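Asks: predicted model and sequence follow; I will ask about them next.
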Amino acid sequence: MFGGQPRKALRDTLQTVIVAVVLALVIRTFVVEPYIVDGYSMQNTLQNHERLLVNKLLFHFSSLHYGEIVVFQPPIPGQPPYVKRVIATGGQTVSMVNGQVFVNGKAMPQPYLLYHGVSTEDHWNMAPLKVPKGDIFVLGDHRAASEDSRFFGPVSVSAVQGVAFWVIWPLNQFGPIP
């Protein structure tokens, strides 16, 4: 009479564990994934070895915009994913004069740059470039330490893995990405 209880409890426990594992895998694969910043190209916004949460779902339903931080597979074979800031999207024209970014001829605010909106080590000049439809132009916040679209050109939106939105480690940085 009591022999079925342990078996039922074991079955219920296994079902719960299996559902939890499947749910975690689905969430990580399609919704949110952790990412570790590797390098200094996004200072001061993001630091080397910070851990982020990346939204893998929502950007598929809306366009990427100026200032969003994305994780993507760079067009350089063998490289791990990069994290950079969206500067221009398909159809927009981007240029740089002495480190100042212009999108469609308008100087863009860059309060996130390393030194209070100014990248003192960046005097980059770039002729106007029209970003192809389906692509984005990305830059690191610490321009002197960043390998970005200035070097490898626009990135296909299909290479974007997600939009970074939350720092989860270290705990003193825990919170939304500014």
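Replies: Noted; the coordinates are in hand.
Asks: only C-alpha atoms for contact and neighbour calcs from this point on.
Replies: Noted.
Asks: ok, and the closest non-adjacent residue to residue 56?
Replies: residue 162 (4.2 Å; C-alpha to C-alpha, 6 or more residues apart in numbering).
Asks: check contacts around that neighbour.
Replies: Shown in contact with residue 162 (C-alpha atoms under 8 Å, 6 or more residues apart in numbering): 54, 55, 56, 57, 59, 70, 71, 72.
Asks: and it, that's in a strand?
Replies: Yes: under DSSP: H, G, I helix; E, B strand; the rest coil, residue 162 falls within a strand.
Asks: picking up where we left off before, and which of the contacts of residue 162 is nearest to residue 37?
Replies: Checking these against residue 37 by C-alpha to C-alpha gives residue 71 as the nearest, at 9.6 Å.
Asks: residue 163 is in contact with that closest one, correct?
Replies: Yes: at 6.3 Å, residue 71 and residue 163 qualify as touching, with contact defined as C-alpha atoms under 8 Å.
Asks: so for these two, which sits in the more crowded spot?
Replies: residue 163 (25 against 21; other C-alpha atoms under 10 Å).
Asks: distance check, the closest residue to that one other than its chain neighbours against residue 172.
Replies: Spatially, and ignoring its direct neighbours in sequence, residue 163 is nearest to residue 70 (4.4 Å; C-alpha to C-alpha, 6+ apart). To residue 172, residue 70 is 22 Å away according to C-alpha to C-alpha, to the nearest Å.
Asks: these two: which has the busier surroundings?
Replies: Of the pair residue 70 and residue 172, residue 70 is the one with more neighbours under other C-alpha under 10 Å, namely 23 against 8.
Asks: what's the first helix or strand after the one helix or strand the more buried one maps to?
Replies: Secondary structure from DSSP states H and E places residue 70 in strand 69-72. Using DSSP H and E, the helix or strand that follows strand 69-72 in sequence is strand 82-89.
Asks: against which helices or strands is that next one packed?
Replies: Contact partners of strand 82-89 among helices and strands, from 3 or more C-alpha pairs under 8 Å, 6 or more residues apart in numbering; DSSP states H and E: strand 69-72, strand 135-139.
Asks: that one vs strand 135-139, what angle?
Replies: Interaxial angle, strand 82-89 versus strand 135-139 (axes from the mean of the first three to the mean of the last three C-alpha atoms, to 10 degrees): 120 degrees.
Asks: list the neighbouring strands of strand 82-89 plus their orientation.
Replies: Using DSSP bridges, the strands paired with strand 82-89 are strand 69-72 (antiparallel), strand 135-139 (antiparallel).
Asks: sorry, back to before: joint contacts of residue 71 and residue 163?
Replies: Common neighbours of residue 71 and residue 163 (C-alpha under 8 Å, 6+ apart) are residue 54.
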